[in-house]
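Engineer: generate a structure from the sequence data that follows.
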Amino acid sequence: MSLLIQLTIILAFALVMVPVTKRLGLPTLIGYVATGIALGPYVFDLIPLSIELKQLQHLGLLLLLFFIGMQLQPTRLMQLKLKDIQFASYALGLSILVLTMLGIWLFDLSILVSFIVSAALSLLSFSLLQQQIQLPKHFNPVLGQQVFNFGLIHSLWAVLLIACLPILIGFASPQHSFAYAMSVVAALSGLWLLQRYVLQPVFEYLEQTHTHELVLASAVLSASLSFIVLDALNIHDSLAALLAGFLISDSRFHKRIAQYSAPFKGLVFAAFFIVLGMSLPLSLLLEQPVFFALGLLVLLLVKLSMYLALARYFKASWLDSCLISSAFISSGEFGFILLYSAFASQLAPATVLEPYLLLLMLAFVLSPVLMLFSQRYLVPRFKTAALADNATEPKFTAPTPLFIIGFGRVGQLVARVAHTQNIAFTAIDNHLPPAQDLSAYGGCLLKMDATDTQALQKLPLNAMQLAVIAVDDVEDNINIVRYLQLHYPDLKLLVRARDRHHAHLLSDLGIIHIWRETYLSALDLALNSLIHLGMQPQQAQDNIAQFRIHDQKLQRQQQQIEYDDIKLYQTQEAALAELHYLLAQDLSLKSQVSALTADDLKPDSALQQMKATDL
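Structural biologist: The predicted model follows:
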């Protein structure tokens, strides 16, 4: 059978299997593996595993690692938080340690073989993780970004393990080990200089001459040079692929190259995972059922318990902890490299290592299934429990100076500024998801309809100094203003207007402090909130300017994560998850501000009321 006929059959099966798995809510990579299994010798046996297909699989693996290396941008790595590094590193290290001990004790492996197998099973599949993040309803944007950071940290550890593998396996003397390490450092340094001072000017020249189609060719040239140099130094080609991608990521043309190479990603994933599915020794499932049942159970319990315990230790919610644990059950391409390196070095017989390769792929397939189970059964239970908790009437420990009605874009920005200035606030909104606790940030967030006068009467509004009304609906906004003017005349009102007509209606009611939406007006609204709470105008302006710079930096950091076609903030729940993240990041700004005293919050009689502007 010719290679062309084989590829035609593979594509035909993939066009059937992949949409089915996608329809089930699983990543497309699972469909590729299922396609390979269906074509392999244990199901339809349509295509023999030829040398050409093995070469295609190897090329697909190298390109897959190249794309992963392109994600390891230095700017992105510099923004990794210590907490995320600690979490991912502790979990990976403990998982390898426990699995190594169990491999020695339960399966009678040598220390080195047990360590390599444990590392292969503990390292996640970064390609699968990316697809799980992109699936709708799996992660909110903030948790997705955090999980993506964990994947980057796993990738860095995988690079280190792959680089050190020849030292662990092939070199017996310290002199050889030192020479190998120095050759890796020298090769990386030389390639970086080549990228910075030779290929970078080439990219700029191509940009100036508008020959954009050659930018991708130049990237391929850079990768080829990396392979040639590292191969000449007898360095593993998988490490060369990762380093080639890493060097491209350091270029300012990284996004352009990523854009041009994006259409090839699907084909690369298909080439590797389909042939991998064809080569799986599925007959071992019938020959050693006890081993696979016990091995999968041990792997599941160890990784789930490690990530769940550490996530709770780092104060993640039970829901987020379960989602993180489910995502990190997977093993993938990095483990495949480690096991095949052990195969190639004859570290152990194939009969010993083959079952662990199959166990690795079972864990690969199990992770999306567990994630789907969590989404369909665990997430609704957590939300139901949260709704039950929120059903009880809220209790107030003390009135807050600031009262925010409407907790959308404008209300949240005012709350963030108040948080950085150590001003406690109470916020209400009738479209909040359950279990949104902001007490750690000095806030009280309540699900309440502000147009319900009986609900408002339960709030200690007489003891509050300032109310920011940021309700989007014009009619509700006007009704709330009328009620507060009538029943709480001493309460200062700062009101958000949706448009010019809304601003005119508020002005007719006698409202002086009006801001038309949204970001700059919300900042100005927050500025005047600080002034009306007793802060000096110049100090308030300085704090708002500092907050704006801080917020712009956060926005640039968040742009490092690419979610393709996902709409990041489609729901109020996703927006509030983002707010939790932003409030945590604002702590760095808050630490620079001294706490306000009760005297600081007293109204300043010398301040004149501001006139309505920009009507």
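
Engineer: show me where the stretch 201-350 of the chain has its strands.
Structural biologist: In the stretch 201-350 of the chain, no strands are defined using DSSP state E, counting those that start in this stretch.

Engineer: show me where it dips below the pLDDT cut-off.
Structural biologist: Across the stretch 201-350 of the chain, the ranges flagged by pLDDT under 70 are 212-213.

Engineer: these two touch, right, V365 and L29?
Structural biologist: No: taking CB atoms under 8 Å as the definition, V365 is not a contact partner of L29, at 9.3 Å. (Glycine included, C-beta is placed from N, CA and C.)

Engineer: between those two, point out the one with more neighbours.
Structural biologist: L29 (25 against 17; other CB atoms under 10 Å).

Engineer: from A427, how far out is the more buried one?
Structural biologist: 42 Å (CB to CB, to the nearest Å).

Engineer: how about A262?
Structural biologist: On the measure of CB to CB, A262 and A427 end up 41 Å apart.

Engineer: more neighbours, those two?
Structural biologist: A427 (26 against 12).

Engineer: wait, is that one part of a helix?
Structural biologist: No: using DSSP: H, G, I helix; E, B strand; the rest coil, the assignment for A427 is strand, not a helix.

Engineer: what sits against it?
Structural biologist: Residues counted as contacts of A427 (CB atoms under 8 Å, 6 or more residues apart in numbering) are 403-405, 407, 411, 415, 438, 443-446.

Engineer: relative to V159, which of those residues is nearest.
Structural biologist: L438 (39.1 Å; CB to CB).

Engineer: surely the closest one touches L446?
Structural biologist: No: taking contacts as CB under 8 Å, L438 lies outside contact range of L446: 10.1 Å.

Engineer: and the contacts of stretch 82-95?
Structural biologist: With contacts defined as CB under 8 Å, 6+ apart, stretch 82-95 is touched by 118, 122-123, 146, 149-150, 153-154, 157, 302-303, 306-307, 310-311, 314, 328.

Engineer: mind running it again at 7 Å?
Structural biologist: Outside stretch 82-95, the residues that touch it by CB atoms under 7 Å, 6 or more residues apart in numbering are 122, 146, 149-150, 153-154, 157, 302-303, 306-307, 310, 314.

Engineer: try stretch 402-414
Structural biologist: In this structure, residues lying in contact with stretch 402-414 by CB under 7 Å, 6+ apart are 415, 418, 423, 425-429, 432, 445, 450, 461, 464, 466-472, 480, 496, 517-518, 522-523, 525-526, 529, 533, 579.

Engineer: so which of those sit within helices?
Structural biologist: Under the assignment DSSP state H, the contacts of stretch 402-414 contribute 415, 418, 480, 522-523, 525-526, 529, 579 to helices.

Engineer: tell me the one of those nearest L109?
Structural biologist: Checking those against L109 with CB to CB, the nearest one is L579 at 48.3 Å.

Engineer: picking that back up, buried among the contacts of stretch 82-95? Need that as a selection in PyMOL.
Structural biologist: Applying 16 or more other CB atoms under 10 Å to those, the buried members can be selected in PyMOL as follows:
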select buried, resi 122+146+149+150+153+154+157+302+303+306+307+310
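
Engineer: got CSV for the contacts of stretch 82-95, with distance to L339 too?
Structural biologist: Listed next are those as CSV, based on distance: CB to CB, whole Å:
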residue, distance to L339
S122, 12
Q146, 29
N149, 26
F150, 22
I153, 21
H154, 16
W157, 16
V302, 18
K303, 17
M306, 21
Y307, 22
L310, 26
F314, 31
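
Engineer: closest one of the contacts of stretch 82-95 to Y180?
Structural biologist: For these, the nearest to Y180 is W157 (18.9 Å; CB to CB).

Engineer: give me the distance from whatever helix or strand the closest one lives in to the chain's centre.
Structural biologist: Assigned by DSSP states H and E, W157 belongs to helix 141-169. Relative to its chain's centre, helix 141-169 lies at 14 Å (CA atoms, centre = their mean, to the nearest Å).

Engineer: surely A327 is in contact with L129?
Structural biologist: Yes: counting by CB atoms under 7 Å, A327 touches L129, with 6.2 Å between them.

Engineer: what is in contact with those two at once?
Structural biologist: Here A327 and L129 have V147 as joint contacts, going by CB under 7 Å, 6+ apart.

Engineer: these two - which one has more neighbours?
Structural biologist: A327 (27 against 24).

Engineer: and the nearest residue to V474 once chain neighbours are set aside, how far is that from I478?
Structural biologist: The shortest distance from V474 to any non-neighbouring residue, by CB to CB, 6 or more residues apart in numbering, is to H502 (4.9 Å). Per CB to CB, H502 is found 8 Å from I478.

Engineer: swap in I51?
Structural biologist: 76 Å.

Engineer: the two - which one has more neighbours?
Structural biologist: I478 (19 against 7).

Engineer: does the more buried one touch A503 like I think?
Structural biologist: No: counting by CB under 7 Å, I478 does not reach A503; the two are 11.4 Å apart.

Engineer: where does I404 sit, in terms of helix or strand?
Structural biologist: Taking DSSP H and E as the criterion, I404 maps to strand 402-405.

Engineer: ok now that strand, how far from the chain's centre?
Structural biologist: Put simply, strand 402-405 sits 32 Å off its chain's centre (CA atoms, centre = their mean).

Engineer: next: stretch 312-330.
Structural biologist: Distance, centroid of stretch 312-330 to centroid of chain: 13 Å (CA atoms, centre = their mean).

Engineer: in it, what's buried?
Structural biologist: Neighbour counts over stretch 312-330 (16+ other CB under 10 Å) mark 316-317, 319-330 as buried.

Engineer: first-to-last residue distance for that stretch?
Structural biologist: 20 Å (CA to CA, to the nearest Å).

Engineer: quick one: the helices in the stretch 151-300 of the chain?
Structural biologist: Applying DSSP state H, counting those that start in this stretch to the stretch 151-300 of the chain gives helices spanning 174-194, 200-208, 213-232, 237-249, 254-279, 283-287, 289-313.

Engineer: could you say which of the ones you listed is packed most deeply?
Structural biologist: Mean neighbours per residue, mean count of other CB atoms under 10 Å, is largest over the helices of the stretch 151-300 of the chain for helix 237-249, with a mean of 25.

Engineer: can you show me the CA trace of that helix as PDB?
Structural biologist: Backbone C-alpha positions of helix 237-249 (Å, rounded to 0.1, in the frame of the first residue of the first chain) are rendered in PDB as follows:
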ATOM      1  CA  ASP A 237      16.800  16.100  18.900                       C
ATOM      2  CA  SER A 238      13.700  16.700  21.200                       C
ATOM      3  CA  LEU A 239      15.700  19.100  23.200                       C
ATOM      4  CA  ALA A 240      16.800  20.800  20.000                       C
ATOM      5  CA  ALA A 241      13.100  21.200  19.000                       C
ATOM      6  CA  LEU A 242      12.200  22.800  22.300                       C
ATOM      7  CA  LEU A 243      15.200  25.200  22.100                       C
ATOM      8  CA  ALA A 244      14.500  26.100  18.500                       C
ATOM      9  CA  GLY A 245      11.000  27.100  19.500                       C
ATOM     10  CA  PHE A 246      12.300  29.000  22.600                       C
ATOM     11  CA  LEU A 247      14.700  31.000  20.400                       C
ATOM     12  CA  ILE A 248      11.900  32.000  18.000                       C
ATOM     13  CA  SER A 249       9.800  33.100  21.000                       C
END
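
Engineer: which residues sit against that helix?
Structural biologist: 62, 65-70, 72-73, 159, 162-163, 188, 191-192, 195, 219, 222-223, 226-227, 230-231, 254, 257, 337.
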